[in-house]
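Chemist: model this:
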Amino acid sequence: MKRNTTALGREVTFSAPGEYVPGGIVADADGNFWLSVFWTRRPKVGYFIKVDPKEMKELESVTVNEFISPGYDPTHGISIDGDYIYLMGVQSLNTEFYYERSGVIRRFNLKTKRLEKAGDVFKDVPEVQFIGCNPIVDSRTHLLYIPGQTGNGKNGPDDNYLLIYDCSGAKPVLKEKIQGKTSNIRYIFIN
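Modeler: Predicted coordinates:
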């Protein structure tokens, strides 16, 4: 058993092998936490771990043979709506992680225990080349919010977008593209 300290400052015990980098934490409808972590020595192996927050013990662990993104900035890295945990498909480049390399919307199905591609921001909105922070889904409205930019700000001001996907159907569908009303979004939080 491996003991790891969560973002909450308490240790949680779980059985997956190796050294980890936490990717995200989110509470499900039952009040349990789901953690996403990836193994530092094998970046193509990740885990979703269900944790009892009272006992801080693992209830369930699912291995996925794909990269699971680390959290970006101080947001929680993953977001939940019903039976799906949403995250962006970050790619590894020289041991650093860059959101601008992938616009793939990923979701982990809590029923089938599979990680699946749910969409691609860069294909839906070709002018967007950079994702500013983790996406967040509002479980009351089933809307997924993703900030996008035409660049990474290094060459001056970029056009900024707030992309809103409807996740109430079989796959997320781009519902709205708000342009020029935001600037360099780094955090999205929903009350």
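Chemist: Any regions of the chain where pLDDT drops low?
Modeler: 1-21, 39-43, 69-76, 89-101, 152-153, 156, 186 (pLDDT under 70).
Chemist: repeat that with 90
Modeler: 1-29, 35-49, 53-58, 61-79, 87-106, 113-119, 128-136, 147-161, 180-191 (pLDDT under 90).
Chemist: Which parts of it are helices?
Modeler: 121-124 (DSSP state H).
Chemist: count of neighbours near residue 170?
Modeler: Residue 170: 7 surrounding residues under other C-beta atoms under 10 Å. Placement of C-beta: from N, CA and C, glycine included.
Chemist: For it, which residues are in contact?
Modeler: Residue 170 is in contact with no residue at all, counting by C-beta atoms under 8 Å, 6 or more residues apart in numbering.
Chemist: And for residue 121?
Modeler: Contacts for residue 121 (C-beta under 8 Å, 6+ apart) come out as 103, 104, 105, 128, 131, 146, 148, 163.
Chemist: what do you get for residue 78?
Modeler: 23, 24, 25, 26, 34, 36, 71, 85, 86, 87, 134.
Chemist: Not counting its neighbours along the chain, what's nearest it?
Modeler: residue 24 (3.4 Å; C-beta to C-beta, 6 or more residues apart in numbering).
Chemist: pretty sure the one you found contacts residue 86?
Modeler: No: judged on C-beta atoms under 8 Å, residue 24 makes no contact with residue 86 at a distance of 9.8 Å.
Chemist: just checking, which of the contacts of residue 121 belong to strands?
Modeler: Residues of the contacts of residue 121 located in strands (DSSP state E): 104, 105, 131, 146, 148, 163.
Chemist: Let's have those in TSV, adding neighbour count.
Modeler: Below are those laid out as TSV (neighbours: other C-beta atoms under 10 Å):
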residue	neighbour count
104	19
105	25
131	27
146	29
148	26
163	25
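Chemist: Once you drop chain neighbours, what's closest to residue 160?
Modeler: The shortest distance from residue 160 to any non-neighbouring residue, by C-beta to C-beta, 6+ apart, is to residue 182 (4.6 Å).
Chemist: Tell me how many other residues surround that neighbour.
Modeler: Residues lying near residue 182 (other C-beta under 10 Å) number 14.
Chemist: Just list the residues touching it, thanks.
Modeler: For residue 182, the contact set (C-beta under 8 Å, 6+ apart) comprises 147, 160, 161, 162.
Chemist: do the same with residue 110
Modeler: By C-beta under 8 Å, 6+ apart, the contact list for residue 110 reads 28, 34, 83, 84, 85.
Chemist: doesn't residue 105 make contact with residue 119?
Modeler: Yes: Residue 119 lies in contact with residue 105 (C-beta under 8 Å); the separation is 4.1 Å.
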